[in-house]
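Participant: Got a predicted structure here, sequence first:
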Amino acid sequence: MGVHAGALFGDDLTETAISGTQPELGDDFAFGINYTYNLTRHLGLEGRYTFNVNNAEETPVGDIDLDLHLIDLNAVYHVNPHDPVVFYGTAGVGWAVADTDRGISGTVGGIPVMIGDDDSITFNAGIGLKWGVTPDISLRLDARYRYIDQLVDAHEDQLNTFETTAGVAWGF
């Protein structure tokens with residue numbers, strides 16, 4: 001069981017400009033919890049929830065609050081599980097849920113549009129290291145690429161994001 005905190009770095013939210021601007025997901029703070037069940041010394045399964053307090057930036061109406069919930073199921077491969085500092089690779093699938101405080105309004109090709117939040121599938125892959133401070137407590141650094149299919153319901157775009165986190169985990 002563990003907790004993590006760091007940053008998620010955003011990408012364009014829509015594939016087309018809205019009233020001449022290109023809305024994008026900002027770069028902002030993220031935090032969450034994770035649980036890893038080790039099947040063997042090398043292979044584990046991780047459940048992970050991350051909450052990203054963020055904004056839709058560059059919209060025709062200014063910045064809009066856009067909080068992001070990320071729920072993942074990942075495979076984790078520990079390269080050197082017997083060493084004090086363990087390097088690992090991770091990859092998985094999940095679900096992303098966007099929560100805006102109001103829609104993005106504007107025009108596309110002279111036609112009025114209102115774009116709201118949505119949810120979709122996400123894939124992630126990353127690397128990291130765990131340092132065993134005690135037999136039951138470890139510190140963790142993590143960097144992952146994340147693909148999100150879409151976060152808005154019209155004129156959507158696939159997002160290619162990156163997140164970095166640091167965390168602490170404890171065994172029981």
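Facilitator: On my side now, so go ahead.

Participant: residue ranges of the strands in the chain, please?
Facilitator: Assigned by DSSP state E, the chain shows strands spanning 2-9, 24-25, 28-38, 43-52, 55-57, 64-78, 85-100, 104-108, 111-115, 119-132, 137-148, 159-170.

Participant: Residue 17: which of these is closest?
Facilitator: Set against residue 17 and scored by Cβ to Cβ, the strands of the chain come closest in strand 104-108, at 7.5 Å. No exception for glycine: its C-beta is placed from N, CA and C like everyone else's.

Participant: Mind listing residues that contact that closest one?
Facilitator: For strand 104-108, the external contacting residues (Cβ atoms under 8 Å, 6 or more residues apart in numbering) are 13-14, 16-19, 21, 23, 56, 59-61, 64, 112-116, 152, 155.

Participant: Next, count neighbours for the closest residue to residue 86 other than its chain neighbours.
Facilitator: Using Cβ to Cβ, 6 or more residues apart in numbering and skipping the chain neighbours, the partner closest in space to residue 86 is residue 130 (4.6 Å). Using other Cβ atoms under 10 Å, residue 130 is surrounded by 23 other residues.

Participant: just residue 106 next, same as before
Facilitator: So residue 106, with other Cβ under 10 Å, has 20 neighbours.

Participant: Just list whatever residues bridge to it.
Facilitator: residue 113 (DSSP bridges).

Participant: Bridge partners for the spatially most central residue of the chain, pull those for me.
Facilitator: The residue lying closest to the centre of the chain (Cα atoms, centre = their mean) is residue 70, at 5.6 Å. Beta-bridge pairing of residue 70 under DSSP bridges involves residue 50, residue 96.

Participant: contacting residues around the residue nearest to residue 86?
Facilitator: Per Cβ under 8 Å, 6+ apart, neighbours of residue 130: 78, 85-86, 88, 138-140, 169.

Participant: so what's it bridging to?
Facilitator: Bridge pairing for residue 130 - DSSP bridges - gives residue 86, residue 140.

Participant: Now do it against residue 89, distance only.
Facilitator: Distance, residue 130 to residue 89, using Cβ to Cβ, to the nearest Å: 12 Å.

Participant: which pair in the contacts of residue 130 spans the largest distance?
Facilitator: 78 and 139 (15.0 Å).
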